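Peer 1: 3D model of this:
(one chain, ligands or ions: 1)
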Amino acid sequence: LSLDTVREFLTREEDTIVFSLIERARYPLNRPAYDPIHLGDGAGPGRRLNASFAELFIRESEAVQSKAGRYQNLQEIPFFAYRVPFTLAPPYNFTSELYPAAAFVNVNDAIWSMYFNELLPLLAKNGDDRNYAVTVDSDLACLQVLSRRINYGRYVAEVKFRGDQQTYTSLIQAKDRDALMKLLTSEAQEDVVKRRVEKKATVFGQSITSDGPIETGVNNSSGTNFKVDPSVVYKLYDQWVIPLTKQVEVEYLLHRLD
Ligand SMILES: C=C(O[C@@H]1C=C(C(=O)O)C=C[C@H]1O)C(=O)O
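Peer 2: Got it, this is the predicted structure:
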């Protein structure tokens, strides 16, 4: 584990993030999939479940993946807690570079509300095609990769801690969040990441034909001809992905000496 290898991991996740956003952007907003489910035949008051179709779909999907051992790998953190035994696959002992007492740190609740309340309205056009299962399956793919990328801040923090144990130790002992945040921040690196991910959205989001040049998109600065608006991807990183990753880094460090 080195700063180069953790940054390579984050760079590769950008590809998965851009493609998962492209998939979600194929479908309209499909609002009813996110409203609390109303059971009943319309004759009586019915029964209002305290969950939406999206939430039930994600919970059930995660439960299957939990049984299959997905969350044995500490890189993966579910949005819901499961007590289902891990029974669908042969046991495999994942090793982890994380400090055990800090490995639990995650910001999945913040990712969940950011995704549904802020990002989704920017990604999907208004409309309802009733294609709810494939739509929320694409939401799940987005949520899983965003969670993996952002909560990977634990690994980034571990590397930074090992690289400068003395300075980090005194700031952790002083519980000085602001100084920790400042020490782990690299504005130059953040700028590289944001510009690269925006460029990936312009490259991956073009329509490819067998003949003729690839559309460069230079005349499409509004983003309307791309499968996902590159400026939305830039904004996603600028406002949410990077700040949340750094929040994970700080929280992890605060538990690094527990
Ligand atoms: C992840 C890192 O830590 C911080 C967060 C970054 C990010 O989320 O992309 C980039 C630079 C740092 O400010 C890093 O240094 O690579």
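Peer 1: enumerate the residues of the protein near the ligand.
Peer 2: 7, 10, 156, 184-186, 189-190, 193, 242, 245-246 (Cβ under 6 Å from any ligand atom). Every C-beta, even on glycine, is put in place using the N, C-alpha and C of the backbone.
Peer 1: same thing but 8 Å
Peer 2: 3, 6-7, 10, 150, 152-153, 156, 160, 184-187, 189-190, 193, 237, 241-242, 245-246, 249 (Cβ under 8 Å from any ligand atom).
Peer 1: which of those count as buried?
Peer 2: Neighbour-count burial (16 or more other Cβ atoms under 10 Å) is assigned, among the residues of the chain next to the ligand, to 6-7, 10, 150, 152-153, 156, 160, 184, 190, 193, 237, 241-242, 245-246, 249.
Peer 1: out of the residues you listed, list just those in helices.
Peer 2: Using DSSP state H, 6-7, 10, 150, 153, 156, 160, 184, 190, 193, 242, 245-246, 249 are the members of those that sit in helices.
Peer 1: tell me the mean pLDDT for stretch 187-201?
Peer 2: Stretch 187-201 carries an average pLDDT of 98.
Peer 1: any weak-confidence spans in the protein?
Peer 2: Within the chain, the set of residues satisfying pLDDT under 70 comprises 39-49, 213, 215-224.
Peer 1: one more pass at 80, please.
Peer 2: Across the chain, the ranges flagged by pLDDT under 80 are 38-50, 84-87, 89, 91-92, 212-224.
Peer 1: mind listing the helices for it?
Peer 2: 3-24, 53-67, 108-113, 120-123, 132-151, 153-163, 165-173, 177-184, 187-204, 230-235, 242-254.
Peer 1: packing partners for the shortest one?
Peer 2: Translated: helix 120-123. helix 3-24, helix 230-235 (3 or more Cβ pairs under 8 Å, 6 or more residues apart in numbering; DSSP states H and E).
Peer 1: CA atoms only for the shortest one, dumped as PDB, please.
Peer 2: So that's helix 230-235. Extracted in PDB, the C-alpha atoms of helix 230-235 (Å, rounded to 0.1, in the frame of the first residue of the first chain):
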ATOM      1  CA  PRO A 230     -19.600  16.100 -17.900                       C
ATOM      2  CA  SER A 231     -20.300  19.200 -15.800                       C
ATOM      3  CA  VAL A 232     -22.500  17.100 -13.500                       C
ATOM      4  CA  VAL A 233     -19.700  14.600 -13.100                       C
ATOM      5  CA  TYR A 234     -17.300  17.400 -12.300                       C
ATOM      6  CA  LYS A 235     -19.800  18.800  -9.700                       C
END
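Peer 1: grab the most central residue of the protein for me.
Peer 2: residue 146 (0.9 Å; Cα atoms, centre = their mean).
Peer 1: what is the burial count for the residue lying closest to that residue once chain neighbours are set aside?
Peer 2: Nearest residue to residue 146 in three dimensions, chain neighbours excluded: residue 111, at 5.5 Å (Cβ to Cβ, 6 or more residues apart in numbering). By the criterion of other Cβ atoms under 10 Å, residue 111 has 23 neighbours.
Peer 1: next, the contact list for residue 111, please.
Peer 2: 143, 146-147, 150, 244 (Cβ atoms under 8 Å, 6 or more residues apart in numbering).
Peer 1: measure it to residue 236 for me?
Peer 2: 11 Å (Cβ to Cβ, to the nearest Å).
Peer 1: quick one, what contacts residue 251?
Peer 2: The contact partners of residue 251, by Cβ under 8 Å, 6+ apart, come to 105, 107.
Peer 1: before we move on, what about the one 4 residues further on?
Peer 2: Counting by Cβ under 8 Å, 6+ apart, residue 255 makes contact with 99, 101-102, 105.
Peer 1: could you export those residues as JSON lines, including distance to residue 83 and neighbour count?
Peer 2: Shown next, in JSON lines, are these (distance: Cβ to Cβ, whole Å; neighbours: other Cβ atoms under 10 Å):
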{"residue": "99", "distance to residue 83": "25", "neighbour count": "19"}
{"residue": "101", "distance to residue 83": "22", "neighbour count": "11"}
{"residue": "102", "distance to residue 83": "23", "neighbour count": "19"}
{"residue": "105", "distance to residue 83": "21", "neighbour count": "23"}
